[in-house]
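S.K.: I would like the atomic coordinates for the input below:
(one chain, ligands or ions: 1)
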Amino acid sequence: MATPPIENLIIIGSGPAGWSAATYAARAQLEPLVYEGAISEKNRMAGTLPLGQLALTSEVENYAGFPHGDLGAFLDSALPPERRQMMAPHAGEGVTGPELMELMRQQAVNFGTRVVTDDILKVDFSKRPFQLQPADGAPIFARCVIVATGASANWLGLPSEERFKNRGVSACAVCDGALPRFRNRELVVVGGGDSAVEEATYLAKFASRVHLVHRRDALRASKIMAQRAHDDPKITIHFDTALAEVLGDDKAGVTGVRLESTTDKGKESKLDVAGVFLAIGHTPNTAFLDGQLELTPKKYIVWKKHFRTDTSVEGVFAAGDVADDHYRQAISAAGTGCMAALDAERWLASQGHH
Ligand code: NAP
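M.R.: As a prediction, the model looks like this:
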């Protein structure tokens, strides 16, 4: 039986960390292989489709190098027609999350990165070469691995939330907000961070009113974002309030919510709404590692050396939100992707693989 080839470097994940790692590794002639994730309903529901969380956002205003401007012609020239056709036309404003991710992917591919549109379900880091099991096909082998699987949206865990998922309950306004069921209707967004404000302001374009429900008395969002929520005439902020139950029926889906005060025990209220959007933070996508890398109590991969991307297993590096519970920005994820590729390149060289 033919021995399977041993890859120099496999990168798992396809957000800014994965693509920037791939671009650096490809330019260093490491011939990286990226597992970008599968396109499946399971991944859609879990928020783990290819291109990561940025593919689920609207405009990205704070990624350096992309001021407002008409990027249409640039996108046409930079992307192959088959990928460009899958995207919405450029709106003439700043770069959008999906546009930025397609550009990053293409940049990595231009330098020879190979891409597999599949998930890695299991890893074995206990022996060398490392063994990785894709969802589809035989195990693959690698001398070095960069884990850049990011994080995905949290849910509250209410039974009623589960019941109405896909029928008015969502964790992605950009994916679902423009659906007819939400247009000109009242909607709820739960959360108080930048994501919640971003979702609320995005939804306010379609909805008749957006109720931003936050459990504390102040938003966690950055000042500029919080001000945007306060200034938007279509957004009503409900402080010190929690979502207790999603109301609805099998035919209509979501028809309302029951809210509880977090400061005044027993005080309840109801709102008639057609949709509920959760924006209550993220959990790192580390379950597939099955305890083989050291994790923090919140399940983020631990970077073992100061200002390096080394994990607890030599030859395995981590980049982006899967290891970063502090900055969690597209640009910092891309930065650590670059660091992981350089760390991988130096480690491979130290092992005699150039
Ligand atoms: P986040 O900053 O962690 O905020 C999560 C929010 O959800 C908090 O307000 C939190 O409440 C609330 N929350 C958490 N668990 C909850 C629960 N069980 N019930 C009710 N509420 C709950 O997460 P994020 O908004 O997703 O942002 C993540 C990172 O991405 C941040 O660093 C953010 O700056 C960045 N980001 C940036 C932009 C941008 O710059 N345009 C856009 C999106 C995200 P408490 O406040 O009470 O903890």
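
S.K.: Residue 204: what's it in contact with?
M.R.: By Cβ atoms under 8 Å, 6 or more residues apart in numbering, the residues touching residue 204 are 210, 232, 234-235. All C-beta spots, glycine's among them, are computed from the backbone N, C-alpha and C.

S.K.: Please read the previous query as pertaining to residue 38.
M.R.: 50, 117-119, 135-136.

S.K.: TSV for the residues you listed, including distance to residue 172?
M.R.: As requested, those are exported to TSV (distance: Cβ to Cβ, whole Å):
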residue	distance to residue 172
50	15
117	20
118	22
119	19
135	22
136	25
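
S.K.: contacting residues around stretch 213-220?
M.R.: So stretch 213-220 is contacted by 188-194, 196-197, 225-226, 229, 237-243, 257, 259, 262-263 (Cβ under 8 Å, 6+ apart).

S.K.: filter these to the buried ones?
M.R.: By neighbour count, with 16 or more other Cβ atoms under 10 Å, those hold 188-194, 196-197, 225-226, 229, 237-241, 243, 257, 259 as buried.

S.K.: near the ligand too, which of those residues?
M.R.: The subset of the buried ones among the contacts of stretch 213-220 within reach of the ligand, by Cβ under 6 Å from any ligand atom, is 190-194, 196.

S.K.: now the strands: where do they sit in the stretch 1-150 of the chain?
M.R.: In the stretch 1-150 of the chain, the strands defined using DSSP state E, counting those that start in this stretch lie at 6-12, 33-35, 114-116, 120-124, 130-134, 140-147.

S.K.: ok, now the stretch 151-300 of the chain?
M.R.: 151-153, 169-170, 186-190, 209-213, 235-238, 241-249, 253-261, 268-272, 275-278, 282-284.

S.K.: closest point of this protein to the ligand, which residue?
M.R.: Nearest to the ligand in the chain, going by Cβ to the nearest ligand atom, is residue 193, at a distance of 2.4 Å.

S.K.: I'd say that residue and residue 278 touch.
M.R.: No - judged on Cβ atoms under 8 Å, residue 193 makes no contact with residue 278 at a distance of 11.5 Å.

S.K.: surely residue 277 meets residue 173?
M.R.: Yes - Residue 277 lies in contact with residue 173 (Cβ under 8 Å); the separation is 5.1 Å.

S.K.: Export the strands of the stretch 151-300 of the chain as CSV, with columns for mean pLDDT.
M.R.: CSV is the format used below for the strands of the stretch 151-300 of the chain (pLDDT from 0 to 100):
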stretch, mean pLDDT
strand 151-153, 92
strand 169-170, 93
strand 186-190, 98
strand 209-213, 98
strand 235-238, 98
strand 241-249, 98
strand 253-261, 98
strand 268-272, 98
strand 275-278, 97
strand 282-284, 94
